[in-house]
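A.B. asks: Provide a 3D model corresponding to the input given below.
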Amino acid sequence: MAERFEGKTPHPSQCATTTAVSYATDITHRYPTFRDEPFKTVHNWLEGRRYDDGADGLWRINDSLYDLEEFVRLHPGGSEWIRLTKGTDITEAFETHHIGQRAEQMLPKFYVRPATQPRNVKLTFHEHGFYRTLKRRIRERLDLVDTAPKAHSRRIVDGLIVAVLITAFLAVRFESFVVGLACAICVNATVIAAHNFMHQRDNWRMYAFNIAFLSFREWRVSHVISHHLYPNSVLDMEISSFEPFLCFMPWADLKNGFQRYGSWVYGPFIYGSIFLSEYLKRLMDSFSQGKNRFHLDDLVPFLMPAFMYATNPERLSVILQMWLFVVLMASFFFGLIGLTAGHHHPKALHSGDLFPQDIDFGLYQMATIVERRGVEGSLLKVLTTFGDHHLHHLFPTLDHAILPQLNGVFLETCKEFGTAKRHSSWFSQYLGQNLQLARVHAKQYQMGGNTNTPRKKL
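C.D. replies: A predicted model of the protein is given here:
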């Protein structure tokens, strides 16, 4: 498979070390509580973290406990970030969401006591390690960044919303599934582009993420807090949520032959079910737990059919058919693009593979990503295909529009620490995802993002 490196790709001899390296196969000391529950929700994922993180009902950062109760409504990014994470270890979220030093300087005001047990997550943030070093340099560089391109991000999302409405109207007016397909492409692009704003402080464009039954609130847990911070690990909900149908972990006891290879055939049908299944899951969770999991913004998915009806009131049956078609096809495109965006590739590190016990948070992120090539230089392509994946994972709150201005300092730091930004073709990503579904052999992480396959089968 074609693969390209940006930054430094060390010769294998440079990866050798004179001291013994202790290897791990996952980033946690304990297997996550509730991970294997048949009905997986963001709520039982958070509850499992409360069992495992040793935060004692407070907020844990590194080995200290803080009481942020009085700060919830004052949080500049929105109260939900703080409220949802009560009782959990928020070290990774705190590090990646606060590039400036103001939040760190405020922490002592909320200090309660030291934690009584070690952190469950093994990822490290050493002051002179890769991530902290890069973060300092990015912080300094941000003072020189031109923020004007951020307006272009906003215009793209606004334009996509308008395109959804226009194509939705035309699809019903002409009873054309071809136009309906164009509408589905616009819906998918809107959802992915709105993901840029879901990561940021509360803003109205994050609601566009809900246009086809997804919930930005739940995805702030399953995607932002779970996947972004712990990609390809046992804490990654974007892996566990698809099991046992799509099994990306290279665990031989997790998947049989049918799951490994049959998923190549039935996988696309799962893509098409993502949007509706998320909504149905919230309905089932509400009934089974006796708790309302819905908010007013969960009515956003009904704005598109309402607009269809308002502009074509005499064609109700056509509207219902077209709406269902648009949602299913948009979901298919979302799954196709999202699951091949950069993580599920045999060259990307997954739980079960071998990596240094005390791996730096940033180096771990780099090892789990093989980025899709061909979208660089176009903000529209980047926003609608989960582009600039490496930098976005490391600093998710930064608007995609300004990331190219940080690429120089990023690559320079990668070179200094012997790691590399990896790319692969669109076809290679799709093929690689299927090969990853079939993979049951462990690989060993090396500096530079390379992996070696040991002889032993896991």
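A.B. asks: I'd guessed residue 397 sits against residue 200; true?
C.D. replies: Yes. Between residue 397 and residue 200 there is a contact at 5.7 Å, judged by CB atoms under 8 Å. Backbone N, C-alpha and C define where each C-beta goes, glycine included.
A.B. asks: hey, what's in contact with both of those two?
C.D. replies: For the pair residue 397 and residue 200, residues contacting each of them under the criterion CB atoms under 8 Å, 6 or more residues apart in numbering are residue 77.
A.B. asks: Compare these two (neighbour count), which wins?
C.D. replies: Applying other CB atoms under 10 Å to residue 397 and residue 200 shows that residue 200 carries more neighbours, namely 17 against 14.
A.B. asks: Please give me every residue in contact with that one.
C.D. replies: So residue 200 contacts 77, 206, 397, 399 (CB under 8 Å, 6+ apart).
A.B. asks: Wasn't the third one part of a helix?
C.D. replies: No. Under DSSP: H, G, I helix; E, B strand; the rest coil, residue 397 falls outside any helix and is assigned coil.
A.B. asks: Model confidence score at it, please.
C.D. replies: With respect to pLDDT, residue 397 has a value of 98.
A.B. asks: who touches it in this structure?
C.D. replies: Residue 397 makes contacts with 77, 96, 97, 99, 199, 200, 201, as judged by CB under 8 Å, 6+ apart.
A.B. asks: try it again with 7 Å
C.D. replies: Residue 397 makes contact with 97, 199, 200 under the criterion CB atoms under 7 Å, 6 or more residues apart in numbering.
A.B. asks: Now render these as a markdown table, adding distance to residue 29 and pLDDT.
C.D. replies: Formatted as a markdown table, the entries for the contacts of residue 397 read as follows, by distance: CB to CB, whole Å; pLDDT from 0 to 100:
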| residue | distance to residue 29 | pLDDT |
| --- | --- | --- |
| 97 | 24 | 98 |
| 199 | 28 | 98 |
| 200 | 32 | 97 |
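A.B. asks: Please list the members of those that lie in helices.
C.D. replies: Secondary-structure check on the contacts of residue 397 using DSSP state H: residues within helices are residue 97.
A.B. asks: And the contacts of residue 397, which is closest to residue 225?
C.D. replies: Taking CB to CB as the measure, residue 225 sits nearest to residue 97 out of those, at 9.8 Å.
A.B. asks: Give the closest residue to that closest one in space, chain neighbours not counted.
C.D. replies: Residue nearest to residue 97 in three dimensions, not counting chain neighbours: residue 397, with 5.4 Å by CB to CB, 6 or more residues apart in numbering.
A.B. asks: cool, and residue 341?
C.D. replies: For residue 341, the nearest residue in space outside its immediate sequence neighbours is residue 386; the separation is 3.9 Å by CB to CB, 6+ apart.
A.B. asks: With residue 70 instead?
C.D. replies: Leaving aside its sequence neighbours, residue 70 is closest to residue 110 (8.0 Å, by CB to CB, 6+ apart).
A.B. asks: what residues are up against the one you found?
C.D. replies: By CB under 7 Å, 6+ apart, the contact list for residue 110 reads 66, 67, 68, 71.
A.B. asks: Let me know how buried the closest residue to residue 352 other than its chain neighbours is, in neighbour terms.
C.D. replies: Beyond its immediate neighbours in the sequence, the residue positioned closest to residue 352 (CB to CB, 6+ apart) is residue 250, lying 4.6 Å away. Using other CB under 10 Å, the number of residues around residue 250 comes to 23.
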